[in-house]
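*Asks:* the sequence and its predicted three-dimensional model are supplied below.
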Amino acid sequence: MTPLSFARAADTAAAIGLAGAPGARYLGGGTNLVDLMRETIERPQALVDVTGLGSAIEDQADGGLMIGAAARNTAIAEHRSVRTRYPALSRAILAGASGQIRNMATLGGNLMQRTRCTYFYDDAAGCNKRAPGAGCDAIDGFNRIHAILGASPACVATHPSDLCVALAALDAIVHVEGPAGARSLELVELHRLPGGRPDIETVLAPGELITAVELPALALAARSTYRKVRDRSSYAFALISVAAALEVAEDGTIGDVRLALGGVAHKPWRARMAEAALRGGPATRSSFLAAAEAELVDAAPLSHNGFKVELARRTIVAVLGELAGDAA
Amino acid sequence: MSILDTIQQTAAGVVAKLRPDAPPDRLIGRKHGSIGTSLPRIDGPRKVRGEARFAAEVPAAGLTYAALLHSTIARGRIATLDTAAAAQAPGVVLIMTHENAPRLKPPAAFMSDPRAAGASDLPVMQDATIHWNGEPVAVVLAETQEQADHAKSLIVATYEAEPARLSFAQAATRSRQPESVLGEPAIIRIGDAEAALAGAAFQVDLTFHTPRHSHAAIEPHAATVWWEGDRLVIHDATQMLHQTRWTLAGIFGITEEKIRIHSPFVGGGFGGKGLWSHQILAIAASKLAGRPVRMALSREGVFRVAGGRTTTTQRVALGANADGTLAALIHTGTVAMTTHNNCPEQFTFPARHLYAAGSFLLEQRVADMDMLANTFMRAPGESIGTFALETALDELAEAMRLDPIELRRRLEPEQDPTSGHAFSSRHMLAAFEAGAERFGWSQRNPVPRGRREGEWLIGMGVAAATYPYYRMLGGAARVTITRDGYARVATAGHEMGMGTATVQAQAGADRLGLPVEHVTFEYGDTALPAGTVAGGSSQTVSIAAAVAAASAKLIAELLTLAGNDSPLAGLSAGEVEARDGGLGHPEQADRFESYVSILTRAGREEVSAEADAPQPVETQRYSMHSYGAQFCEVRVSAVTGEVRVSRFLGSFDTGRILNPRMAASQFRGGIIMGLGLALMEETEFDERSGRIMNPSLAEYHVPVHLDVPDIEVIWTDIADPHAPLGAHGIGEIGITGVGAAVANAIHNATGRRVRDLPITLDKLL
């Protein structure tokens, strides 16, 4: 681990000030950043501990929910409003990591976690994300866990978060503050596709701090779920995950739908093409399949991850079928 | 020729005590002793309280902490090694590279001599040559581990890479036949198996592939070492104490007597805790620095420095007659190995002993690669050999429309099918039948894909388990009785969590006729009489044989001490038994004297005897193996291909069970490791670079709690009359057969055969 300075921020303004130091990084629960520092993949010169900042989970007057970025994953997953109004979020959190890690991990840190690509983790390997211009050893290497959507010749890594997939489906808004002031953006706009600069993973400006995530009021979110498919029953990253919410009208047509995928891309993948195909159509297995096909039409698998296309198709159909219940 | 024969032939200086017709161990028939009771783990309370000190926890004044820099090429030379920045880093005490390392002789590789422990015979940090990707190229010593790790990250190494043999498929095209497979022939031909196969009424001819595995014991490899003048003290995590001492003496050019190794607690061995380069580097660095060194490998370090199970490609071809007997049994294949070790992963061993057949072709070949030396890993060979053989048998049973257990009944041999020896103790069919009854095998639908609940396809599978009985040569023990009627049993044995300390205290108690709480078992220290390797599931009986020999000697000495004024007067050592805290005639209750009385009358504080174990001649006369039947129920998602093992039962025939609690833990642990082998474990070896790409427990998947169902274990508990205590080692058999039981259950559930481990969901979509 490289020597560094450490400061605990008393409030958001102080945190942003401290983050002006060269090579500074915000520190949440440390469950990813500290691991990467031990591996010398990350070498921050200064850490700004933001775990003392806002962690409240508050119902909003308009029916939404505001979650402070320092809220621990466990607290979010267990919160009554989350469990009853946004169950996909609770399930996604509980599908990830272990109890101990969830007790430490924060919401803001979860959004900022980095890929589990093994070539990113090994400084003997070529990785454009770790060392821009070094090439990508994953493209022709072990790429079973890698992206099938939105990848580039520079990077085929995936975003590892479960929580973010649920947030992507639930229209979450990310509130940030930085040297230039406060702003808000959609969660699905936070993370970038790799393009030519996979080392730049979000649209945050230097020094910008995630302060809260807002879940807008969304009636159909009460019937939302999350399904994660992985190589063992627990404590493994998603090969494919699906977050979905579905509203089926009396006549058996789909009123509204939210669908997002994990394990497929450099960012949590909101499946808008599938949603468009579903809206207004019948809640039947064949329309679920057609929607999955619509979303996956551009899938570009690598040598070892072709199965993900079929797995994503099947999991989408199964999750939508479960949400539709007898209607399907 | 067996591994034991080989060791015997090369073990110069060991006095032969050939007793081919020795009567059975008299403890076998004893009903009321400590053996057979579920005594809780003696070392348990200390471990739970955190008082058990492991190798990386031993304190030392002036201790330095080591970090290793690993090479990033597989073959070539170090071009430059810039250590200037690291040397200036805070806390750095020493940087050792090939340029300043002490001159060392290469390690004697395991099997090159019965006393050798080296995982390979490559020189350690003696020149700029690189032999595998991950080989240590620099050791940094610092005042703290963090300082050492940081300084290591500042070293800049460049290399001149040379072409390396990194493709297993290519290396296999140039495979060779090894001189032997652990002392046994690399090829066995009986009859013309290919011709018999071609003419058989039923045939299966299948190819299997198994991946590399890495050791993932909860305790990463570690050693704390220091020099006291010309004497060397090592606190190691090892399963081969005396062999490590002998090998280190050769490397460092000192006598064995100058070296003392302590290893009272080991956090899991599984075959991986041998002598690798990290201990040698720690000792060398300590010598250079003149200070104690702690070398605790990181998890990545374990993957890069300590080898694991190698990859194999195997062919199993079975030709069956119409009556369900085998006309031909062919099991051949190739494993990846190096030219500097000798671990050919004996995957054909099960086929040598399990089933009768009219003809055999069993052949092992090795493909030389530029990689970290592979090594033993829980049932090396048998674990993955039974995967191939027992899957093939299931496929044959299906082709013949026979129940898989019925097929095994028809293949039961009368004597060992390849050696011709009589079996010492074989009750495999009894294990199958007991297991089938308990598991509800009759409920299995023989038609694949015949049972479904929602999206989950449910299936059942069965496979044989087997592992050889080994007893290692070279062990000794000392038994001491004290005037207060207590005893100490001492040998340099190993407790890696198996229950050795507990079971040997029980065996010692029964051997000496004492309550178990009066017996202390001393182990884990080269100052004690020589122990044998804790490997090959051999340690329990190896120690028992040495303790029996020492006890017999002690009893003779006690009779001499007792003299003519004792009720024992006139009895020879063979006429008395140890019972009730003393010695007595087996039938005449009044001819008895307690140890307390004998020693008190003789005015002795204690009396002690030491003896070598007799040679393990039993395996020269008999085919000695353990057996079992593994039953598995799986649920496979028809949507995602995810496999969940919902029930598992292991039914074992492993001689007498000495402590049911410890035995159940060993069997279950083996089965759990087998579930990992079946479903998820795979070391990703990048054939472009020779680099292991998943050196962490995040990406190298072993089963988590949720992957493990309730596992029931049962056993025949039939003593082997030719084994000390009537017992067989049980550390490894648990993993055997599990891969096939899972694969066969998956086939029963889904109709899919997967012959390529691990069976991940993508192979079932």
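*Replies:* Sure thing, it's come through.
*Asks:* who's in contact with residue 268?
*Replies:* As the question left the chain open, I've gone with chain A. By CB atoms under 8 Å, 6 or more residues apart in numbering or on different chains, residue A:268 lies in contact with A:159, A:161, A:164, A:165, A:167, A:168, A:187, A:188, A:191, A:260, A:261, A:262. Yep, even glycine has a C-beta here, placed from its N, CA and C like the rest.
*Asks:* that's the wrong chain, I wanted chain B
*Replies:* Residues near residue B:268 by CB under 8 Å, 6+ apart: B:217, B:218, B:219, B:496, B:497.
*Asks:* wait, the fourth one touches residue B:534, no?
*Replies:* Yes. Checked against CB atoms under 8 Å, the pair residue B:496 and residue B:534 is within contact range at 6.4 Å.
*Asks:* more neighbours: which of these two?
*Replies:* More crowded of residue B:496 and residue B:534, by other CB atoms under 10 Å in any protein chain shown: residue B:534, with 30 against 22.
*Asks:* isn't there a helix covering that one?
*Replies:* No. Secondary structure of residue B:534 (DSSP: H, G, I helix; E, B strand; the rest coil): coil, not part of a helix.
*Asks:* quick one on the thing from earlier: now, which of the contacts of residue A:268 lie within strands?
*Replies:* The strands, defined by DSSP state E, take in A:260, A:261, A:262 from these.
*Asks:* which SS state does the closest residue to residue B:479 other than its chain neighbours fall under?
*Replies:* Closest residue to residue B:479 apart from its sequence neighbours, by CB to CB, 6 or more residues apart in numbering or on different chains: residue B:550 at 4.4 Å. Recorded secondary structure, residue B:550: helix (three-state DSSP).
*Asks:* counting neighbours, which of the ones in strands among the contacts of residue A:268 comes out on top?
*Replies:* In terms of neighbours by other CB under 10 Å, the ones in strands among the contacts of residue A:268 top out with residue A:262 at 34 neighbours.
*Asks:* contacting residues for it?
*Replies:* Applying CB under 8 Å, 6+ apart, we find residue A:262 in contact with A:158-159, A:161-162, A:164-165, A:228, A:238, A:240-243, A:268-269.
*Asks:* from chain B, how far off is it?
*Replies:* As judged by CB to the nearest CB, to the nearest Å, residue A:262 and chain B stand 14 Å apart.
*Asks:* close to chain A: what parts of the stretch 401-550 of chain B are there?
*Replies:* Residues of the stretch 401-550 of chain B lying close to chain A (CB under 8 Å from any CB of the partner chain) are residue B:455.
*Asks:* what's near enough to touch the residue in the stretch 401-550 of chain B positioned nearest to chain A?
*Replies:* In the stretch 401-550 of chain B, the residue found nearest to chain A is residue B:455; the distance is 7.1 Å by CB to the nearest CB. Neighbour list for residue B:455: A:318, B:637, B:638, B:639 [criterion: CB under 8 Å, 6+ apart].
*Asks:* partners of residue A:261 in the sheet?
*Replies:* In this entry, residue A:261 is beta-bridged to residue A:242, residue A:269, by DSSP bridges.
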